[in-house]
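[1] fold the following and give me the result.
(chains A and B)
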Amino acid sequence: MNTTTQTATVAPADTAPPSSTPRAATGISPLTRYAYVALLALAIVAPMAGLYPVFGMKLLCFALFACAFNLLLGFTGLLSFGHAAFFGMAAYIAGWLVKAQGWSPELGLLAGIVTGAVLGLVFGLVAIRRQGIYFAMITLALAQMIFFVCLQAPFTGGEDGLQGVPRGTLFGVLPLTSDLTLYYVVLAIFVACFLGIIRVVTSPFGQVLKMIRENEPRAISLGYAVDKYKLLAFVLSASLAGLAGSLKTIVMGFASLTDVHWSMSGEVILMSLLGGVGTFFGPVFGAGIVIALQNMLADRVGAWVTVIIGAIFVVCVLAFRKGAVGELHAWLERRRSRG
Amino acid sequence: MTEIFGIPIQAFLGQLMLGLVNGAFYAMLSLGLAVIFGLLDIVNFAHGALYMVGAFAAWIMLEKWGINYWIALIVAPLIVGALGVVIERLFLKRLYGLDPLYGLLLTFGLSLILEGIFRDQYGVSGQSYPVPDALAGATNLGFMVLPNYRAWVVLASIVICLGTWFLIERTRLGAYLRAGTENAKLVQAFGVNVPLMVMLTYGAGAALAAMAGVLAAPVIQVTPLMGSNLIIVVFAVVVIGGMGSILGSVVTGLGLGVIEGFTRVFYPEASNVVVFVIMAIVLMLRPAGLFGKEA
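    Below you'll find the predicted structure:
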């Protein structure tokens, strides 16, 4: 296989055409900015309008996970099939520190981020030596190693997982027992990370990542230390995935083998693919759809949830490789160029 | 001598045999992956699911219609091979020429579908498949007691692997296949029906997975999860051996099975992880895998 097919990447949906240079520089158009503000307003009032806060928080945690994953696939062109390892291991570490060691929630989250970063560094150092499908398979295998560690390590509770993790008091002043309080904390963290990701992607560093995605040999020939950039992107993505995992543990009060199983890695890929790989909002949308589907269908159809998720996967790959938000972008673009 | 490194020789050889049996499955499955990857450029994530369907096909045939093991060993791979042909025509055909990652994702979706259907029908608890009468019992070799069925599995898989190797490396059909992986257009121009060949290759790969499934049915419990538990290890085997190398698949598969068996004797906790540790080490030293060519 030659390098050109390997560097061809999955659906760079938001690649701006030459005509819209200002948009490419700032990353998001004014229209998109209004849409984000409107969505944020919606998220703020949603609990008052009847959204169950725990569902909202779960959704935000997975949306953050999907955004973290997409930072790697969408903007660097690396398909990691092992992101469950960062999410799940961080969930366990944070849960154990908060529950058994009495750490405060903010320190637990910090520990989750560090867990993700350290694991990401190790995975990255091994996996970045290969590209494309090899990269995917290596991350998958490494993540499976973490799964077995979590299955057998004494602190994870084995098959039972880690139950009854207390939410605690944020910074020693803000008790998180109320669902509503915690919802706004989670929302704040999510928004900060979302804006952070936009900032990273639109920065010169992010431009280099995009160049690697588009044409890696050229990036190398221009003198960029491509492997270092990729490794940094990988660690960043893993840290955010770790934050998402530990946040999930604080919210739901448990960490289990599901969090670290490879099907979780598959789920986060689906979320990104469904919403739109390489768009900022796509993964959030995709996470929303997947979590909502699971919530609605789990009691009614049993094992068919897996079948439905699998079918969505197949349809996405065959027909909507740009994902919902990506297709919307493309449609708006077509309309603009016509009018 | 009754002990090796302080371990009773019986237990030692028993674990070694168990490792060799596992290795036989790794070898057969990674062989199928290598064949499919070689010609289609698709990492067949559904391979584990096809292996599971093969085992279930044999079990259903026995339960419902009393069809015995030997017939199932032929019929189940044919059924799953036909399923493979359908999958190739309906789905994979549309992905040729795209990034191979799409193939990985699509077959991942397919494996979820297959696994979900069987989980809905049969739950996650295992079904047991009896060892066929002709292979029941065990042979006393003097230094250890060897279950006949296990010996058969190792033998059968080595024969199948050798047969596949012979087919691909030493026959005219194999020459076409190998030429097709190099330059499909040119081979087509010579009048070889490449799309048909590709379709049959995927079917044959699926049949190979199913045959491994039937062989496995009497050794392990038949469950919808048996494929997804195995496929990740097989991926690791493929990465270690070097993707697309047939010899690499077979040697690495058997070898890793044995290493896993050794680990189970000396440090059981690490036996699930040892393959992945070896993978990491091999990648550090030889990024293309043991038998792979540097891309």
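[2] so what's the residue count around residue 50?
    All of this refers to chain A. Neighbours of residue A:50 under the rule other C-beta atoms under 10 Å in any protein chain shown: 6. Yep, even glycine has a C-beta here, placed from its N, CA and C like the rest.
[3] should've been chain B
    31.
[4] residues contacting stretch A:252-265, please?
    A:54, A:58, A:80-85, A:87-89, A:91-92, A:94-95, A:139-140, A:143-144, A:146-147, A:150-151, A:156, A:159-167, A:245, A:248-249, B:112, B:228, B:232 (C-beta atoms under 8 Å, 6 or more residues apart in numbering or on different chains).
[5] excluding covalently adjacent residues, which one is nearest to residue B:57?
    Distances taken as C-beta to C-beta, 6 or more residues apart in numbering or on different chains place residue B:76 nearest to residue B:57, at 3.9 Å, with adjacent residues excluded.
[6] which is the next helix or strand following the helix or strand in which the one you found is found?
    Using DSSP states H and E, residue B:76 sits within helix B:69-90. Going down the chain from helix B:69-90, the next helix or strand is helix B:100-122, by DSSP H and E.
[7] centre of the chain to the helix holding residue B:76, how far?
    Mean C-alpha position of helix B:69-90 versus that of the full chain (C-alpha atoms, centre = their mean, to the nearest Å) differs by 15 Å.
[8] list the buried residues of it.
    Of all the residues in helix B:69-90, those buried under the rule 16 or more other C-beta atoms under 10 Å in any protein chain shown are B:69, B:72-73, B:75-77, B:79-81, B:83-85, B:87-88.
[9] kindly indicate which of those residues lies nearest residue A:112.
    residue B:87 (39.7 Å; C-beta to C-beta).
[10] which residue ranges of chain A form strands?
    Here chain A has its strands, by DSSP state E, at A:169-170, A:174-175.
[11] for chain B, find the nearest of those.
    strand A:169-170 (36.7 Å; C-beta to the nearest C-beta).
[12] format the CA atom coordinates belonging to stretch B:46-62 as PDB.
    The C-alpha coordinates for stretch B:46-62 follow below in PDB (Å, rounded to 0.1, in the frame of the first residue of the first chain):
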ATOM      1  CA  ALA B  46     -16.700  -9.000  11.000                       C
ATOM      2  CA  HIS B  47     -14.400 -12.000  11.000                       C
ATOM      3  CA  GLY B  48     -15.100 -12.700  14.600                       C
ATOM      4  CA  ALA B  49     -18.800 -12.500  14.000                       C
ATOM      5  CA  LEU B  50     -18.600 -14.900  11.000                       C
ATOM      6  CA  TYR B  51     -16.600 -17.300  13.200                       C
ATOM      7  CA  MET B  52     -19.400 -17.100  15.800                       C
ATOM      8  CA  VAL B  53     -22.100 -17.600  13.100                       C
ATOM      9  CA  GLY B  54     -20.200 -20.700  11.900                       C
ATOM     10  CA  ALA B  55     -20.300 -22.200  15.400                       C
ATOM     11  CA  PHE B  56     -23.900 -21.400  15.900                       C
ATOM     12  CA  ALA B  57     -24.800 -22.800  12.500                       C
ATOM     13  CA  ALA B  58     -23.300 -26.200  13.600                       C
ATOM     14  CA  TRP B  59     -25.000 -26.000  16.900                       C
ATOM     15  CA  ILE B  60     -28.400 -25.200  15.400                       C
ATOM     16  CA  MET B  61     -28.100 -27.900  12.800                       C
ATOM     17  CA  LEU B  62     -27.400 -30.500  15.600                       C
END
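[13] average pLDDT across that stretch?
    Averaging pLDDT along stretch B:46-62 yields 92.
[14] any idea how far chain A is from residue B:81?
    Distance, residue B:81 to chain A, using C-beta to the nearest C-beta, to the nearest Å: 20 Å.
[15] and for the helix holding residue B:76, what's in contact with it?
    By C-beta under 8 Å, 6+ apart, the surrounding residues in contact with helix B:69-90 are B:40, B:46, B:50, B:53-54, B:57-58, B:61-62, B:67, B:110, B:132, B:198-200, B:202-211, B:213-215, B:218.
[16] then stretch A:175-184?
    In contact with stretch A:175-184 (C-beta under 8 Å, 6+ apart) are residues A:44, A:47, A:53-54, A:56-57, A:105, A:167-170, A:174, A:185, A:250-251.
[17] got the buried residues for it?
    Buried residues in stretch A:175-184, counted by 16+ other C-beta under 10 Å: A:176, A:179, A:182-184.
[18] can you pull out the strands in the stretch 101-250 of chain B?
    Secondary structure of the stretch 101-250 of chain B by DSSP state E, counting those that start in this stretch: the strands cover B:138-140, B:145-147.
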